[in-house]
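**Student:** structure for this input, please:
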Amino acid sequence: MLVLRALIVVLIGATVGVALIPLLVLLDLRRGGTGWGLCPEGLDSCRTSYFDGFELMAWLFLALFVLLGMIAACVRILRYLEARAAEDVPAVYQ
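**Tutor:** A predicted model of the protein is given here:
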């Protein structure tokens, strides 16, 4: 069960990391960067497709939904294992 709890912590950290990507892209653009490839020549001369931002957003949403689904599955499995372990304890120790 400890491994499952550690996996949940890692998945939560990954979810927070994915959620911070838009902020990091904006910070990179503000500093004169390329916004992780969103604006190859910088913000001043940014000529991108209309769908570049939406494509990035779609990939981020997909990653978030997958991560959240994995967290939900791990929590369900953990609750199931804890309930099953509680049933195996003799009545004397409860």
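**Student:** check contacts around the residue nearest to the spatial centre of the chain.
**Tutor:** The residue lying closest to the centre of the chain (C-alpha atoms, centre = their mean) is Thr15, at 2.0 Å. Counting by C-beta atoms under 8 Å, 6 or more residues apart in numbering, Thr15 makes contact with 64, 67-68, 71. Using the backbone N, CA and C atoms, a C-beta is placed for each residue, glycine as well.
**Student:** rerun at 7 Å
**Tutor:** Residues near Thr15 by C-beta atoms under 7 Å, 6 or more residues apart in numbering: 64, 67-68.
**Student:** any chance of the residues you listed in JSON lines, plus neighbour count and distance to Asp44?
**Tutor:** Listed next are these as JSON lines, based on neighbours: other C-beta atoms under 10 Å; distance: C-beta to C-beta, whole Å:
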{"residue": "Leu64", "neighbour count": "15", "distance to Asp44": "31"}
{"residue": "Leu67", "neighbour count": "19", "distance to Asp44": "35"}
{"residue": "Leu68", "neighbour count": "13", "distance to Asp44": "37"}
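**Student:** kindly list the longest helix within this protein.
**Tutor:** helix 52-88 (DSSP state H).
**Student:** tell me what it is packed against?
**Tutor:** When contacts are defined as 3 or more C-beta pairs under 7 Å, 6 or more residues apart in numbering; DSSP states H and E, helix 52-88 packs onto helix 2-30.
**Student:** chain center to the helix it packs on, what's the gap?
**Tutor:** Taking C-alpha atoms, centre = their mean, to the nearest Å, one finds the center of helix 2-30 at 5 Å from the center of the full chain.
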